[in-house]
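Visitor: quick one, what's the 3D model for this:
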Amino acid sequence: MHNEILSEAQAALGLNKQDMARALGVHYNTYGKWSRGEQNPPAAVYTEINMLLFLEEKQLVAEWLYRNESFKQSR
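Guide: This is a model prediction of the structure:
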């Protein structure tokens with residue numbers, strides 16, 4: 001069930017697995033375990049997914065991903 005939510009959100013956002021992992025701020029392998037149902041993501045991930053879906057609705061996902069990545073690199 002958790003992996004279905006992740007895959008539906010990923011499809012709605014039009015992201016590949018690597019970009020979805022980056023958008024959620026987790027390693028690709030961690031996201032892979034979640035999407036395969038091997039592990040359940042923390043509850044906060046669903047809040048992040050809702051935020052990403054809101055940003056997608058406002059056509060701001062690409063900008064948010066860019067700014068998020070830039071912020072991480074500057075630290």
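Visitor: which parts of the strand or helix carrying Glu48 are buried?
Guide: Here Glu48, judged by DSSP states H and E, is contained in helix 44-57. For helix 44-57, burial by neighbour count (16 or more other CB atoms under 10 Å) applies to Val45, Glu48, Ile49, Leu52, Leu55, Glu56. (Each C-beta comes from the backbone N, C-alpha and C, glycine too.)
Visitor: can you check stretch 23-31 too?
Guide: Ala23, Leu24, Val26, Tyr31.
Visitor: of those, which belong to helices?
Guide: If you go by DSSP state H, the buried residues of stretch 23-31 have Ala23, Leu24, Tyr31 in helices.
Visitor: re the thing from before, could the buried residues of stretch 23-31 go into CSV alongside distance to Glu69 and pLDDT?
Guide: Formatted as CSV, those follow (distance: CB to CB, whole Å; pLDDT from 0 to 100):
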residue, distance to Glu69, pLDDT
Ala23, 10, 88
Leu24, 13, 91
Val26, 14, 93
Tyr31, 16, 96
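Visitor: between those, which is closest to Glu4?
Guide: Tyr31 (14.5 Å; CB to CB).
Visitor: ok, and the closest non-adjacent residue to that closest one?
Guide: Ala21 (3.6 Å; CB to CB, 6 or more residues apart in numbering).
Visitor: contacting residues for the one you found?
Guide: Ala21 makes contact with His27, Tyr28, Thr30, Tyr31, Gly32 under the criterion CB atoms under 8 Å, 6 or more residues apart in numbering.
Visitor: that one and Met51, how far apart?
Guide: 16 Å (CB to CB, to the nearest Å).
Visitor: closest to Leu60 among the contacts of Ala21?
Guide: Tyr31 (21.3 Å).
Visitor: what residues are up against that closest one?
Guide: Contacts of Tyr31 by CB under 8 Å, 6+ apart are Leu6, Lys17, Met20, Ala21, Leu24.
Visitor: repeat that for Arg36.
Guide: Applying CB under 8 Å, 6+ apart to Arg36 gives the contacts Asn3.
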